[in-house]
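*Asks:* missing the sequence, but the structure's below:
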């Protein structure tokens with residue numbers, strides 16, 4: 001089982017726009033349909049659908065981990081599950097120093113720790129004009145949009 005799973009395993013300085021992806025993705029850490037780990041990346045007008053299964057941290061429908069990233073007008077219709085630890089979200093598993101704007105997530109989410117229907121865990125992140133319609137299947141810490149918000 002590998003880390004950094006998605007259409008793009010890892011991005012740095014990328015711009016991803018006007019794209020639709022349907023996939024079933026499985027990995028350990030940093031797992032998402034579009035990108036496992038997005039660093040300093042712009043994601044604009046991207047739609048993803050499918051199933052995401054991770055076995056540890058940072059598991060999301062669109063992106064597992066978004067770090068110094070802008071996500072705008074993106075959506076994920078995904079069933080997202082993880083079997084350990086934290087950071088599970090319908091759109092993004094863990095957003096760090098990121099902006100999430102005008103985006104949404106639908107689908108089922110199941111986990112044992114921090115679960116957010118939109119973003120599982122955030123740090124120093126701005127979340128505006130978003131929504132999520134998801135069923136949380138199992139939870140320890142669950143939020144309507146955000147599982148855990150720091151700073």
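*Replies:* Arrived safely, thanks for sending. Just so you know, these numbers come straight off a predicted model, no measurement behind them. Numbers count the residues shown, from 1 in each chain.
*Asks:* lowest mean pLDDT among the helices and strands, pick that one out for this protein.
*Replies:* When the helices and strands of the chain are scored by mean pLDDT, DSSP states H and E, strand 141-143 comes last with a mean of 62.
*Asks:* what's around residue 131, how many residues?
*Replies:* Residue 131 has 14 neighbours, counted by other C-beta atoms under 10 Å. Quick note: C-beta positions are derived from backbone N, CA and C, even for glycine.
*Asks:* skipping its backbone neighbours, what lies nearest it in space?
*Replies:* residue 104 (4.9 Å; C-beta to C-beta, 6 or more residues apart in numbering).
*Asks:* so what sits opposite that neighbour in the bridge?
*Replies:* Beta-bridge partners recorded for residue 104 (DSSP bridges): residue 75, residue 131.
*Asks:* surely it is in contact with residue 89?
*Replies:* No: between residue 104 and residue 89 there is no contact under C-beta atoms under 8 Å: 11.8 Å.
*Asks:* between the two, which contacts overlap?
*Replies:* residue 118 (C-beta atoms under 8 Å, 6 or more residues apart in numbering).
*Asks:* so between these two, which is more surrounded?
*Replies:* residue 89 (39 against 20).
*Asks:* I'd like to know how far the nearest residue to that one once chain neighbours are set aside sits from residue 20.
*Replies:* Among residues not flanking residue 89 along the chain, residue 120 sits closest, at 3.7 Å (C-beta to C-beta, 6+ apart). Distance of residue 120 to residue 20, computed by C-beta to C-beta, to the nearest Å: 23 Å.
*Asks:* mind checking which of those two has more residues around it?
*Replies:* Under the criterion of other C-beta under 10 Å, the comparison of residue 120 against residue 20 puts residue 120 first, with 34 against 10.
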